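>>> Here is my input, please return the structure:
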Amino acid sequence: MTVFVHSWFRSGSTWLWGKFRNDNQYVAYYEPLNEELPEWTPHLLKTRAARAFVGDKHPSNDRHYFYEYLELIASDRLQFDKKLAFDRYFLTADEDDAPLKDYLSRLIGEAKGLHRTPALCFCRSQMRASWMKRNFDGLHIAQVRNPWDQWASFGRHSYFKKSVLITAYCIDKRHPGFFSHIEGFDHLVSAWNSGKQVGISEKACFATYSLLWIASTVQAVATSDIIIDTDLVGASEAHRDKISGELADSGLPSDLSDCKKPEAHAGMPPSENHRAMFADAAGALRNSGTSTLLPPDSQAAANKLDNLTETSAALIRTVL
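Now for the predicted structure:
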């Protein structure tokens with residue numbers, strides 16, 4: 001069995017990955033679609049500190065995040081193309097993507113060659129979760145965080161908001177029009193297509209994030225066998241026990257007792273403008289015609305909403 005964890009940045013994903021890394025029966029791959037993977041050498045993986053960025057608030061690690069890739073990198077067998085990170089960020093279940101399939105197969109084969117279970121813990125897979133489920137046998141876990149605190153946490157490093165725009169830009173190249181309702185987005189695309197370096201307003205960036213959060217969460221939740229809402233697991237002992245039981249029943253690491261609700265700016269409610277932009281995003285997804293970012297089985301998410309906080313569940317209901 002292969003374990004697939006589908007999460008997004010700043011959702012507690014490093015904490016969950018650590019559960020698998022600390023269990024010797026697994027080879028826990030940290031962010032298998034991280035575009036920085038080709039930049040690391042065996043020497044750097046052995047000598048550099050295990051830290052994402054200053055102030056990341058990640059659990060401490062005695063080994064580099066990418067240490068599990070060391071032998072593949074040393075033997076030149078990783079063969080990871082940076083394009084896998086964002087260029088085809090959204091895939092329908094029936095699309096072909098031979099480079100991605102070959103790459104993930106190498107990771108899975110490496111772990112199984114060691115007689116251990118591969119656990120692929122992603123931060124860039126939610127909109128490819130259906131594709132992965134169709135192409136690989138395994139158990140899928142969706143990890144979710146409420147969008148207001150997640151966005152606030154994106155402010156910890158410029159990388160996260162920039163990645164939102166890169167993700168949307170790459171989706172727009174293959175599926176144009178989904179973000180056209182956002183003021184300034186088409187100008188950004190035109191400029192980037194011309195090789196110009198231009199930015200976009202904070203408001204437009206949040207509007208882009210809103211659409212991606214909904215579409216990503218719907219696909220991951222609809223696809224996955226187990227849902228871990230970090231907010232709900234951290235806040236409710238009864239729900240934490242329920243999810244721990246589901247993990248244990250599947251033979252997975254199940255001690256969630258150290259889960260604490262990740263905090264960015266605790267207690268800061270979303271503004272009316274933020275709520276309005278989520279409403280606009282939901283409208284764009286509902287009215288996108290026959291080609292849509294929502295998976296055909298999106299209604300499957302409706303049966304799993306009791307595993308989410310009411311905040312997150314309510315936003316998903318707007319498109320179901």
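>>> Do a quick rundown of the helices in the stretch 151-300 of the chain.
Along the stretch 151-300 of the chain, counting by DSSP state H, counting those that start in this stretch, helices occupy 158-174, 185-193, 202-223, 230-235, 237-249, 272-286.
>>> mind checking the SS state of residue 140?
Here residue 140 is recorded as strand under DSSP: H, G, I helix; E, B strand; the rest coil.
>>> show me the residues around the nearest residue in space to it that is not next to it in sequence that make contact.
In space, and not counting its chain neighbours, residue 140 is closest to residue 224: 4.1 Å by Cβ to Cβ, 6 or more residues apart in numbering. C-beta here means a position set from N, CA and C on the backbone, and glycine is covered the same way. Under the criterion of Cβ atoms under 8 Å, 6 or more residues apart in numbering, the contact list for residue 224 reads 6, 129, 140, 141, 142.
>>> mean confidence score for stretch 154-168?
In this model, stretch 154-168 has a mean pLDDT of 94.
>>> And the furthest pair within the contacts of residue 224?
129 and 141 (10.0 Å; Cβ to Cβ).
>>> Output the contacts of residue 224 in a markdown table; the columns should cover neighbour count and distance to residue 178.
Below are those laid out as a markdown table (neighbours: other Cβ atoms under 10 Å; distance: Cβ to Cβ, whole Å):
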| residue | neighbour count | distance to residue 178 |
| --- | --- | --- |
| 6 | 29 | 20 |
| 129 | 25 | 18 |
| 140 | 21 | 24 |
| 141 | 25 | 26 |
| 142 | 28 | 21 |
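>>> wait, which of the residues you listed is closest to residue 251?
Using Cβ to Cβ, the contacts of residue 224 come closest to residue 251 at residue 141, 12.9 Å.
>>> can you pull the contacts of that closest one?
Contacts of residue 141 (Cβ under 8 Å, 6+ apart): 3, 4, 5, 6, 16, 224, 225, 226, 227, 228.
>>> isn't the fifth one right up against residue 228?
Yes: Residue 16 is in contact with residue 228 according to Cβ atoms under 8 Å; the separation is 6.7 Å.
>>> Need the overlap of contacts for the two.
Listed contacts common to residue 16 and residue 228 are 141, 143; contacts here mean Cβ under 8 Å, 6+ apart.
>>> Tell me which of these two has more neighbours.
Legend: neighbour count by other Cβ atoms under 10 Å for residue 16 and residue 228, higher for residue 228 (26 against 23).
>>> For that one, give the beta-bridge partners.
Counting by DSSP bridges, residue 228 is bridged to residue 143.
>>> Tell me how far the residue located most distally from the centre of the chain lies from residue 39.
Relative to the centre of the chain, the most outlying C-alpha is that of residue 194, 28.9 Å out, by Cα atoms, centre = their mean. From residue 194 across to residue 39, the span is 27 Å (Cβ to Cβ, to the nearest Å).
>>> cool, residue 316 as well?
Taking Cβ to Cβ, one finds residue 316 at 36 Å from residue 39.
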